[in-house]
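Peer 1: curious how this folds, go ahead:
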Amino acid sequence: MKIRIHPRYLSAALAAVMLCTAAGAGAVMAQPASSNVAVQSGDESTEPTPTPPPVQGGDVFVSGYELLNQNGKVGNLVRDKNNDTIPSGTLTVYITDQRINGSHLGANDFGKVQVMPQQTSVFTAEQGTVSQISAVPGSDTVAGHVTYKVVFNNLKYYGGDNNFSFDISYTGLNGNMSVPVQTLSLALPQCQTIEKAGAQSGVELRAPGLLVKDFSYGGASVPAGEEFTLNLTVFTTTGDQALSDVTVNLGLPEGVTMSTGNSSQYVGAMNPETSANLQYKILPGANFTGGVATFQVTMSGVGSKDGTKSEATSTITVPVVQPERFEITKISGAETLMVGEEGYLEVTFVNKGKQPVSNLSAEISGENLRNPGQSQYLGNVQPGTENTAEFTISSDVEGTITGMITLSYEDANGNVKTISKEYSCTVQPAMDMGGMDPGMEMPIDPMPEEKSGLPVWAWILIGLGVVGVGAAVTVVVLKKKKAKALAMLEDDDEDI
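Peer 2: Model prediction:
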C-alpha cells in the first residue's frame, strides 16, 4: 500500500520571518484510531446483535489525506501572529473502517455517514462531505473493509498545535448494524505558526520540516510469522537551509520485531525538498492477532547553519493477517450402492488457524445424484476445532455418482471464501426380484402343519427295534435246539 503527496506541491513559500512550529513538522499519515479515538458513551447493554456480523477486532483509521491551500494547491497553512490574516484551505481525508464491510454500507448508503469537525480555537471547518471510493489514491485498499472520502471545506487554521479532530457516526446501517461514535485526530504538519518577526537582519533561516511521503510493504497485507520489507520515503519540506544529522527511528508495536538490522537509521544531510529511501526488515510474530500493526516513525534533524531543531512523528499502519488453515480433511461413506438404494457421505473439516471462521455452510452437488442441492448451515468454527457434516446419496440409474461437496464461509476480515472436495460412488444394477419392485417383501411359503401323534422317524426307530428283538430271539431258539440235538446224539453213543 502506498500513500503519496506529490513533491511538486510541497514548495509553498513561507514568510521570511522566524517560524516556530508548535507541534513539529508532523506527518502525512494520521494518528490511528487505537491512539486517538475517543468512543462516545452509549447504552452498550441494549446494542442489538448485528446481522450480518461485524468484522471482529477492527479499527478505524485515516488511510491518507490531502491539504490544499486557498489557492487550490498542495501546500502549507501558515498563521502569522503578526497580522490578522487567517489561512484557510480544503482538507480531504480517506477513512478506512474495519468494523463494517460492504454488506453493512452499500454503494448508495454513504448518506448514512456523518463526519463532524470539532470546532476549536485551533481549527474550524464545515461538516464533512462523504463519498464512496474504490481505493485510496496511490495505495492498496484492504479487501472486506469500507473506505470512503471525506472533504472538509473552508478549513481555517488559527494557530497553535496542528491536531485536527472530527467525529464519525453512522445511522441506519444495513442489517441493524450498530457501531459507536469514533473520534479521530489528524496531525497536519503543513499547518504552522509564526510567533514573532525576525531580529537583526529581519529574517531568520527556516529549517525544513520532515515527513513520511510514502511507504509500502509489498501488497494489501502481510502474513503473520513471515518477514516483510517496509519501505519508507522521508521528505524534507521547503526551507532556507539544509538539515544535518537526520535520523529516522521506527517504533515497533507489541508482537512485532526487527528480523535483521536496526530500528534506528542515520540518514545524514538532506537539502530542502529532497527524499531519502529507507528499508526495514520486519517480522510479525506467528501469534500476532491484532489485525493491524501500528508503527511510529520519529524523524529528527538540525539546521546546518543555525542548529534549529526539526522534529516530526508519523504513524503508519500495516494489516497483518493470520495464514488461513481451514480445510476439508476427508470424505467417507458409501462407495457402492444398488439402484434405488440410499447411502450416506460424511465430510470432515478442521480449522487449524488462529482465527475463527464464521457463517459456515455445506452443499452437495453431482451427476446421477437423485437429491442434489442439499445444504446445511453449520455456524462458526473456532480455531483448533474439527467437525463433520452428513449427506444422503442415491441414484435411479446404474453407473457412477460423481460430484462435489463445497464449504462456504467468512474469514476474519469478512471475506466470503469456499473450499471443495470431490467424491464418487458406484451404482450397481438392482437384484432380480422376479418382476417385483425393489423394496417389496419376498413371499414365503407357509410351513405345512404337523400331524398329531408320533412323528414318522419315531415309528421307524420302533420298527427297527422290533426287528432287532425278533432276530435276537430267533438266534437264542436256534442255539437251544442245536444243544438239545447234540445231547441226544451223545446218549445214543452210550447205548451202543
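Peer 1: in the stretch 101-250 of the chain, which spans are strands?
Peer 2: In the stretch 101-250 of the chain, the strands defined using DSSP state E, counting those that start in this stretch lie at 113-117, 123-124, 129-132, 146-157, 163-170, 182-187, 191-194, 210-216, 222-223, 228-236, 243-251.
Peer 1: weakest of the ones you listed in terms of mean pLDDT?
Peer 2: Between the strands of the stretch 101-250 of the chain, the one with the least mean pLDDT is strand 191-194; it has a mean of 84.
Peer 1: I'd like to know which elements that strand is packed against.
Peer 2: Applying 3 or more CB pairs under 8 Å, 6 or more residues apart in numbering; DSSP states H and E, one finds that strand 191-194 contacts strand 77-80. Just so you know, the C-beta spots here come from the backbone N, C-alpha and C atoms, and that holds for glycine as well.
Peer 1: what are the contacting residues of the strand it packs on?
Peer 2: Defining contact as CB atoms under 8 Å, 6 or more residues apart in numbering, one finds that strand 77-80 is touched by 14-15, 17, 19, 67, 69, 86-89, 155, 157-159, 188, 190-194.
Peer 1: if we go to 7 Å?
Peer 2: If you take CB atoms under 7 Å, 6 or more residues apart in numbering as the criterion, strand 77-80 is touched by 14-15, 69, 87, 89, 157-159, 190-194.
Peer 1: that one pairs with which strands?
Peer 2: strand 191-194 (parallel) (DSSP bridges).
Peer 1: okay, the strand it pairs with in PDB with CA atoms only?
Peer 2: This file holds the C-alpha atoms of strand 191-194, laid out as PDB (Å, rounded to 0.1, in the frame of the first residue of the first chain):
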ATOM      1  CA  CYS A 191      -0.200  24.000   9.500                       C
ATOM      2  CA  GLN A 192       2.400  26.200  11.100                       C
ATOM      3  CA  THR A 193       2.500  29.300  13.300                       C
ATOM      4  CA  ILE A 194       4.800  32.300  13.200                       C
END
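Peer 1: any chance of a markdown table for the contacts of strand 77-80, columns distance to residue 222 and neighbour count?
Peer 2: Listed next are those as a markdown table, based on distance: CB to CB, whole Å; neighbours: other CB atoms under 10 Å:
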| residue | distance to residue 222 | neighbour count |
| --- | --- | --- |
| 14 | 39 | 17 |
| 15 | 44 | 15 |
| 69 | 36 | 19 |
| 87 | 39 | 20 |
| 89 | 35 | 25 |
| 157 | 36 | 25 |
| 158 | 41 | 15 |
| 159 | 40 | 20 |
| 190 | 30 | 28 |
| 191 | 33 | 29 |
| 192 | 35 | 27 |
| 193 | 38 | 21 |
| 194 | 42 | 21 |
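Peer 1: what's the closest of those to residue 412?
Peer 2: Nearest to residue 412 among the contacts of strand 77-80 is residue 190, at 36.6 Å by CB to CB.
Peer 1: distance check, the closest one against residue 116.
Peer 2: Using CB to CB, to the nearest Å, one gets 22 Å for the distance from residue 190 to residue 116.
Peer 1: any low-confidence regions in this structure?
Peer 2: By pLDDT under 70, the low-scoring segments of the chain are 1-58, 134-144, 195-204, 432-461, 463-496.
Peer 1: where exactly do the helices run in it?
Peer 2: For the chain, the helices identified by DSSP state H occupy 33-36, 456-495, in order along the chain.
Peer 1: how's this structure carved up into domains?
Peer 2: Using automatic domain parsing, the domain ranges for the chain come out as 1-203, 205-322, 326-428.
Peer 1: distance between the ends of stretch 352-361?
Peer 2: With CA to CA, to the nearest Å as the measure, stretch 352-361 spans 18 Å from end to end.
Peer 1: show me where the stretch 351-496 of the chain has strands.
Peer 2: Assigned by DSSP E, counting those that start in this stretch, the stretch 351-496 of the chain shows strands spanning 357-367, 375-381, 385-393, 399-410, 416-428.
Peer 1: tabulate those in a markdown table, adding columns for distance to residue 60 and mean neighbour count.
Peer 2: Listed next are the strands of the stretch 351-496 of the chain as a markdown table, based on distance: least, CB to CB, whole Å; neighbours: other CB atoms under 10 Å:
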| stretch | distance to residue 60 | mean neighbour count |
| --- | --- | --- |
| strand 357-367 | 21 | 18 |
| strand 375-381 | 24 | 15 |
| strand 385-393 | 30 | 17 |
| strand 399-410 | 20 | 18 |
| strand 416-428 | 23 | 14 |
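Peer 1: report how many residues lie close to residue 63.
Peer 2: 24 (other CB atoms under 10 Å).
Peer 1: I'd guessed it sits against residue 93; true?
Peer 2: No: using CB atoms under 7 Å as the test, residue 63 is too far from residue 93 to be in contact (8.6 Å).
Peer 1: any idea how far residue 191 is from the closest residue to residue 193 other than its chain neighbours?
Peer 2: Of all residues not flanking residue 193 in the chain, residue 159 sits nearest, at 4.2 Å (CB to CB, 6 or more residues apart in numbering). In this view, residue 159 and residue 191 are 8 Å apart by CB to CB.
Peer 1: again, but for residue 311
Peer 2: Residue 311 is 16 Å from residue 191, by CB to CB.
Peer 1: check residue 176 too.
Peer 2: Using CB to CB, residue 176 is found at 40 Å from residue 191.
Peer 1: repeat for residue 96
Peer 2: Distance from residue 96 to residue 191, by CB to CB: 23 Å.
Peer 1: next: residue 259.
Peer 2: Distance of residue 259 to residue 191, given as CB to CB: 37 Å.
Peer 1: can you check residue 378 too?
Peer 2: From residue 378 to residue 191 the distance is 53 Å (CB to CB).
Peer 1: from the chain's centroid, how far away is stretch 405-425?
Peer 2: Here stretch 405-425 shows a centroid-to-chain-centroid distance of 14 Å under the convention CA atoms, centre = their mean, to the nearest Å.
Peer 1: sounds good, over and out.
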